[in-house]
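Enquirer: I'll drop the sequence and a predicted model, then ask my questions.
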Amino acid sequence: MARLIPKGRATSYGAIAQYIGMKSSRMVGWAMAGAASQKNVPAWRVVNRNGELTGASHFETPTQMQELLNAEGVDVKDNKIVDFKRVFWNPNEEL
DNA sequence: ACCGTGACGTGTC
DNA sequence: TGACACGCCACGG
């Protein structure tokens, strides 16, 4: 799922949960925790509904998530995505 | 089998 | 706007 997220965009746990049909968004986060260490899964493009990088601490370094997003053109300030609503990518609209 | 915990989300007060 | 409660479900103790 995370691999479907376009570069330079980001989505929320809830959006993914909704897309998959999962009732619990917590499970999405749980799944991402395991994917964070995997280079082929852009888990850094998944944040909470406020655009906060809440899972940054699960990466190799707490700043890596922000670094990666910055590298893709996503502005991150104080561990939050700037203008998240504009960067937000809704998988349900891509159906 | 029970309980606490967690990268969450939504609803109340 | 901030704090709290509750639903959700996999995992470890």
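Expert: Received, thanks. Note that the structure is a prediction, hence the values are computed from the model and not measured.
Enquirer: who touches the residue nearest the centre of chain A in this structure?
Expert: Among the residues of chain A, the one closest to the centroid is residue A:46, at 0.9 Å (CA atoms, centre = their mean). Contacts for residue A:46 were tallied using CB atoms under 8 Å, 6 or more residues apart in numbering; they are A:2, A:5, A:10, A:11, A:12, A:13, A:16, A:28, A:32, A:55. Backbone N, C-alpha and C define where each C-beta goes, glycine included.
Enquirer: now compare those residues and name the two farthest from each other.
Expert: Checked with CB to CB, the contacts of residue A:46 reach their widest spread between A:5 and A:55, with 14.5 Å between them.
Enquirer: and stretch A:4-13, anywhere near DNA strand C?
Expert: No - Stretch A:4-13 stays out of contact with DNA strand C when judged by CB under 7 Å from any atom of the strand, the minimum separation being 9.8 Å.
Enquirer: quick check: buried residues in that stretch?
Expert: By neighbour count with 16 or more other CB atoms under 10 Å, stretch A:4-13 contains the buried residues A:5, A:9, A:10, A:11, A:12, A:13.
Enquirer: chain neighbours aside, what residue packs nearest to the fifth one?
Expert: It refers to residue A:12. Leaving out its chain neighbours, the residue that sits closest to residue A:12 by CB to CB, 6 or more residues apart in numbering is residue A:49, at 4.7 Å.
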